[in-house]
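Novice: Build me a model from this:
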Amino acid sequence: MSGCPPTNLINERGLPANDIIIQVRERKQIKGRMKIMEKQQHHWLAIFMLISLTVVLAACGNSTSNALTGSNASSSQAGLATSTNATPPANLTSTISFTTTGQVSGTYTITSSLQTSELRHGHKEFTIEVAKAGQSVIMAFYGYEGPRTYTLEGLINGGDVHISFGKNATSWDLPMISGIACTLNIQSDAPTIYTSIDRMKGSFTCPRLTSPNPNMQHQTIAVREGHFDLMMLVAS
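Specialist: I've put the predicted structure just below:
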């Protein structure tokens, strides 16, 4: 006889050997299917995570690209503005007007395209100068701190005012005498699109200006309704 037991033997559970073999095979098949299903689940989970990561990275990439594009555009525009507006045009003008009474009476307006008014020494040194065809107005003092009202007095802050009505006409100055001063009101002082140039607006009055001519030392003029709209060089 063969060494293998007959397939029709009854085991201790009372089942034929063939049934046992079939059950074992079925269990192995079920376990195999479950492993395959687990592998498929892991596979689809990995694919889902990969797709999610790709979407997130794409969104971040677009945001970064847009930010860089906006930054580059802003930088380009800023560079263009700086290079385009570095030199002011020739028609950039300053205007000053005023009315005088006394030895010289009248209303005057002087307009100039020369940029001669400036702020220096940390903006502390203030000078207005508008001149054309021999007529000129100069106002200066030390201690400028931005828009507000200032008292210009020679013995206090170096305040100086000079008005000339022409080459062959008279000129008038703020005398270096205590208590005699001009009032200067700076209404606005703001940067322009041009490099180192501010636009300044304001008004001024001078109750008493005297002539530097010894023959006219007792004659005076008063300045009222003074107004200016200036381009100020910001030198330092």
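Novice: With adjacent residues omitted, what lies nearest to Glu118?
Specialist: Leu233 (3.9 Å; Cβ to Cβ, 6 or more residues apart in numbering). Backbone N, C-alpha and C define where each C-beta goes, glycine included.
Novice: Check which residues of the helix or strand encompassing that neighbour are buried.
Specialist: Assessed by DSSP states H and E, Leu233 sits inside strand 220-234. Buried residues in strand 220-234, counted by 16 or more other Cβ atoms under 10 Å: Thr220, Ile221, Ala222, Val223, Gly226, His227, Phe228, Asp229, Leu230, Met231, Met232, Leu233.
Novice: Please apply the same query to stretch 185-199.
Specialist: Ile186, Asp189, Tyr194, Ser196, Ile197, Asp198, Arg199.
Novice: Same question for stretch 90-97.
Specialist: Neighbour-count burial for stretch 90-97, counted by 16+ other Cβ under 10 Å, picks out Thr93, Ser94, Ile96, Ser97.
Novice: Go through those and flag which are in helices.
Specialist: Counting by DSSP state H, no part of those is found in helices.
Novice: quick one, strands of the chain?
Specialist: In the chain, the segments counted as strands under DSSP state E are 94-102, 106-112, 117-120, 125-132, 135-142, 149-152, 160-165, 171-173, 182-191, 197-210, 220-234.
Novice: want to throw those into TSV with mean pLDDT and distance to Thr87?
Specialist: Compiled in TSV, these are given as follows (pLDDT from 0 to 100; distance: least, Cβ to Cβ, whole Å):
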stretch	mean pLDDT	distance to Thr87
strand 94-102	97	17
strand 106-112	96	18
strand 117-120	93	17
strand 125-132	96	21
strand 135-142	96	25
strand 149-152	98	31
strand 160-165	96	30
strand 171-173	95	33
strand 182-191	97	16
strand 197-210	97	10
strand 220-234	96	13
